[in-house]
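> Take a look and give me a structure for this.
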Amino acid sequence: MLQIYQDIEISLTGQLIPPVVHVKQFDHKARKVRCILYGNDVEYSIPADAILTYSGVRPDGKLFHYSSEALENDKVEVVNNRLIFTITDFMTAVSGRYPVDVILLDEDGSVLGSFALTLYVERSSAGNGKIVTATYAGIARAVAAGVYECFITEPGNFGINTDDGLGYKTGSESVLIDRVEEKMVECSIDDGGYFNFETDERLGLTFSMDTDGHLIVDYNEEG
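Predicted structure coming up:
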């Protein structure tokens, strides 16, 4: 995964203007902020047992809070006395400009130091992260997770209804959606005269026939 580090210098004792970190809306964990901390103009030595947290409120009012005490911490760490934290998907879901507070605490919860920075999330042109970052495999998984009906149309075409959550509207254009429509399910008649379905394995569909010759389609572990 591509990772971009933005290095900033922070004073824990001086009154400085908070640095601005620019990111693009829907960035997917691509950017990390690496902080060099100073106290009284001397590089601050981060204690090995320090608890690291960062938090803020997005422009839509939703709160985020990450801590090194998380059960599975992959958001914040200290490497070579540099505090490194990740700009998460949640933080970039909404465009706008807002403060992020970073706090260092000791084991007892007393504050060792704190500082703020300004996160500037530049608006994406599409306004839909699921489409902006979509791959064919991702769309296939989204379709599979949302399948709630399989059917045969009057002309004999095989159809799927799915709540895929992609936010794709009729009249829009996407070459990957087109590929899904054309390639995800293919039908053919073999030399023996049998009608065959071939589906992308990510769709998770299985086909069978009952004793009366009716097609049965299983999906999402349900019939």
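> Can you give the contact residues for stretch 79-90?
Applying C-beta atoms under 8 Å, 6 or more residues apart in numbering, the external contacts of stretch 79-90 come out as 5, 21, 23, 26-37, 43, 45-46, 52, 54, 58, 62, 64, 66, 74-78, 102, 104, 119, 129. C-betas here are computed from N, CA, C, even on glycine.
> tell me which residues in it are buried?
83-88 (16 or more other C-beta atoms under 10 Å).
> just stretch 14-34 next, same as before
Quick answer for stretch 14-34 (16+ other C-beta under 10 Å): 19, 21, 23-27, 29-33.
> What is the most widely separated pair among these?
Pro19 and Phe26 (22.3 Å; C-beta to C-beta).
> And the helices in the chain, which stretches?
Counting by DSSP state H, the chain has these helices, from start to end: 129-132, 136-146, 175-183.
> I'd like those helices as CSV, with distance to Ser95, mean pLDDT and mean neighbour count appended.
Converted to CSV, the helices of the chain look like this (distance: least, C-beta to C-beta, whole Å; pLDDT from 0 to 100; neighbours: other C-beta atoms under 10 Å):
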stretch, distance to Ser95, mean pLDDT, mean neighbour count
helix 129-132, 11, 64, 16
helix 136-146, 22, 78, 17
helix 175-183, 24, 75, 13
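> could you dump the ones you listed to JSON lines with distance to Ser110?
Formatted as JSON lines, these follow (distance: least, C-beta to C-beta, whole Å):
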{"stretch": "helix 129-132", "distance to Ser110": "38"}
{"stretch": "helix 136-146", "distance to Ser110": "44"}
{"stretch": "helix 175-183", "distance to Ser110": "51"}
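> which helices and strands sit right next to the longest strand that the chain contains?
Counting by DSSP state E, the longest strand found in the chain is strand 111-122. The contact analysis (3 or more C-beta pairs under 8 Å, 6 or more residues apart in numbering; DSSP states H and E) places strand 111-122 against strand 4-11, strand 20-24, strand 31-39, strand 96-105.
> tell me the contacts of Ile36?
7-10, 43, 82.
> do that again at 10 Å, thanks
The contact partners of Ile36, taken as C-beta atoms under 10 Å, 6 or more residues apart in numbering, are 7-10, 43-44, 81-83.
> Kindly provide the distance from it to Ser11.
Applying C-beta to C-beta, to the nearest Å, the value for Ile36 to Ser11 is 10 Å.
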